[in-house]
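In: Following is a predicted model, sequence given first.
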Amino acid sequence: MTHVMQPETGPQSQVAMVFDLNKCMGCQTCSVACKTLWTTEEGEEHQWWCSVNTQPGQGTPKNWEQMGGGFRDGKPVPGVQPGRADFGGGWDFNYQEVFYGGQGNKTHLRPTEPGDGRTEWGMNWDEDQGGGEWPNAYYFYLPRLCNHCTRPVCAEACPTGAMYKRREDGIVLRNEDECQGFRFCMEACPYKKIYFNYARNVAQHCILCYPRLEEGVAPACARQCPGRLVFVGMLDDKEGPIHKLVNEWGVALPLHPEYGTGANIFYVPPMAPYRLNDDMSIDYETPRIPPEYLESLFGPKVHVAIDKLHSELATVRAGGTSEILDTLIVYKWQELFGPFTKDPASLDRRPEAVAVKFTSKPATPSA
Amino acid sequence: MRVQRSGADLTDPKADGWAQAASESVALAPMPLEAQPTEYIRVKWADLPYGTVPEAEVAAAHDGTRLFVRIAWADADEPNVEFHDAAGAFFPAGGDAPAATMGSAAEPVNLWYWQANLLGAKNLLSRGPGAFHPRAANGVSARSALDDGRWAVVLTGALAEASEAGKLGVAVWNGSNEERAGLGAASPSWINLEID
């Protein structure tokens, strides 16, 4: 009865991603690429399977890091189900009045939230607020999506067995025909990256663009990123950049490793500029982003990662070379995508071809 | 419980015909914590009250092909915007299923399920508290009324399913208390059906 991912039924291989936060400019192109591809139907207005938040911040859903979930000492931690108001967004706008009502010079676009109409939160409500005080204010951007965890507490929490982790690539999916809308997955997920579709009474989350991956195409968030900062590939591919960045060099880390679920989305932590002294001279000893804040996000290994990045920078500045920095620079765009380099425009996407390929998936759990 | 044949349309809980049907007060009990299907649910709800509706008024009738089950209960709480009141009528699916847990993995029950925010009803197979799985609709439907803090719901389905089973269980979920899945209150034992 208990749906636990046992090692013998666990994934044979794991698709993973690395986001280099030193290159993220918060443009939300990943968010919009995902939005336009996957969440444009009724009930999905407020859903952003990929979203970028300014750190420090309350994020999306609001104060998600205080909502519990995950595992502690191997036991599930009770969580709170984020409600519609915690996510916010999905607003309507007075397009008719502004664009077609002859009022364009007198009024402006105003958002209205479904329900009581009040707009009190949204997926990127606290953009660019960040932390610190002038002249040492700081912030950075954090793209987030489902972590397709090694031990998905969401799937373990589900009483109907609608959720599963694919054996061939470790992607965590939900059979929407089996989902009864009970939302234990939303409570149990410590990253609070599962949304509820109130129109269809099912929970939904990032599917890591599995129909694209199956065709050799990188996920939309990665392929559309103009900053060349999103790596995709198999975690166990020892020649690939993900394995090297995560396991070999230790410069890419999971978010909140203490949540205990084994996240498979990794981040190269941000190297802050140095602090400025009162006389505006540079304090080379103190990073502007407090190390303890980074540790609160990425765990104690973040200090080693940051030191490693600084040391590689120093090597290159002194005329040396760095495989780590060459990897992170991404001279060739396609090198981001591992085995998923195919151009989606080259696929046969006639409806009949697509229907044949995807009819039976993901309805049949492969584990 | 006697299930009389009626010529009236009893799909409506406010139909006059229900005045002639004998109803029974059925005590309900929370589905046991240890039977909840996932560790997450057992941990989260270990010290929280659930299955908070203590009793329901149950009546049943049929028209020769359809069975009507009327479940009524007091609901004084303010509605929850996320979770909704619900009710179910269930029958052993062939085996010797336990009523108190709405079946088990080995002995499932057929469940006719109504939820206040959803249109119509769901026809489900329950393999224990909240371990629900969809079945073909098979004509299962529901109508409901909320008057003066009291729900009345009629679940309608195939008479054959009930007559084969010969017994009925009911369950109610208090949405205000975030009750859903196995967190409802169920009839701890079967109600024997005497179908006219």
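Out: Received it, and whenever you're ready, just let me know what you need.
In: tell me which element A:Gln58 falls in.
Out: For A:Gln58, there is no helix or strand it lies in under DSSP states H and E.
In: For B:Gly120, which non-adjacent residue is closest in space?
Out: In space, and not counting its chain neighbours, B:Gly120 is closest to B:Ser141: 5.7 Å by CB to CB, 6 or more residues apart in numbering or on different chains. Where you see a C-beta, it was placed from the backbone N, CA and C, and this is true even at glycine.
In: Surely A:Val246 is within a strand?
Out: No - per DSSP: H, G, I helix; E, B strand; the rest coil, A:Val246 lies outside any strand segment and is helix.
In: Run a quick neighbour tally on the closest residue to it other than its chain neighbours.
Out: Distances taken as CB to CB, 6+ apart place A:Ala252 nearest to A:Val246, at 4.7 Å, with adjacent residues excluded. The local packing of A:Ala252 (other CB atoms under 10 Å in any protein chain shown) involves 27 other residues.
In: residues contacting A:Ala252?
Out: A:18, A:20, A:242, A:245-246, A:266-268, A:305 (CB atoms under 8 Å, 6 or more residues apart in numbering or on different chains).
In: out of the residues you listed, which are inside strands?
Out: A:18, A:20, A:266-268 (DSSP state E).
In: how distant is stretch A:172-187 from the center of its chain?
Out: 19 Å (CA atoms, centre = their mean, to the nearest Å).
In: B:Ser126 and B:Ala99 touch, don't they?
Out: No - assessed by CB atoms under 8 Å, B:Ser126 is found out of contact with B:Ala99, at 10.8 Å.
In: okay, these two: which has more neighbours?
Out: More neighbours surround B:Ser126 than the other of B:Ser126 and B:Ala99, with 28 against 21 (other CB under 10 Å).
In: Quick one: name the residues of the stretch 201-350 of chain A near chain B.
Out: With the criterion set to CB under 8 Å from any CB of the partner chain, the stretch 201-350 of chain A comes near chain B through A:Asn201.
In: How about the residue of the stretch 201-350 of chain A found nearest chain B: what's its closest non-neighbour residue?
Out: In the stretch 201-350 of chain A, the residue that lies nearest chain B is A:Asn201 (6.1 Å; CB to the nearest CB). Distance criterion CB to CB, 6+ apart; nearest residue to A:Asn201, sequence neighbours excluded, is A:Gly181 at 3.9 Å.
In: B:Ser6 now?
Out: Using CB to CB, 6+ apart, the nearest residue to B:Ser6 is B:Ala61, at 4.7 Å.
In: What are the boundaries of the helices in the stretch 201-350 of chain A?
Out: A:210-213, A:220-224, A:241-243, A:291-298, A:301-317, A:323-329 (DSSP state H, counting those that start in this stretch).
In: Turn these into a markdown table, including distance to B:Gly130.
Out: Below are the helices of the stretch 201-350 of chain A laid out as a markdown table (distance: least, CB to CB, whole Å):
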| stretch | distance to B:Gly130 |
| --- | --- |
| helix A:210-213 | 27 |
| helix A:220-224 | 33 |
| helix A:241-243 | 37 |
| helix A:291-298 | 34 |
| helix A:301-317 | 39 |
| helix A:323-329 | 46 |
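In: so which of these comes closest to A:Cys189?
Out: Shortest distance between A:Cys189 and the helices of the stretch 201-350 of chain A, using CB to CB, is found for helix A:291-298: 17.1 Å.
In: buried sites along that closest one?
Out: A:293-294, A:297-298 (16 or more other CB atoms under 10 Å in any protein chain shown).
In: Which two of the contacts of A:Ala252 have the greatest separation?
Out: So, the contacts of A:Ala252 by CB to CB: farthest apart are A:Ile242 and A:Ala305, at 14.8 Å.
In: hang on, the earlier thing: look at the residue nearest to A:Val246 and report its pLDDT.
Out: The per-residue pLDDT reported for A:Ala252 equals 98.
In: Quick check: the gap between it and B:Glu161.
Out: Per CB to CB, to the nearest Å, A:Ala252 is found 56 Å from B:Glu161.
In: what about the most centrally placed residue in chain B, is that helix, strand or coil?
Out: Computing the C-alpha centroid of chain B and ranking residues by CA atoms, centre = their mean puts B:Gly88 first, at 1.9 Å. Here B:Gly88 is recorded as strand under three-state DSSP.
In: Residue ranges in the stretch 251-367 of chain A under the pLDDT threshold?
Out: A:356-367 (pLDDT under 70).
In: Could you confirm B:Ala97 falls within a strand?
Out: No - per three-state DSSP, B:Ala97 lies outside any strand segment and is coil.
In: That one: how many residues sit nearby?
Out: 25.
In: So which bits of the stretch 51-200 of chain A are right by chain B?
Out: So far as CB under 8 Å from any CB goes, the stretch 51-200 of chain A lies against chain B at A:75-79, A:81, A:83-84, A:153, A:156-161, A:177-178, A:180-184, A:187-188, A:196.
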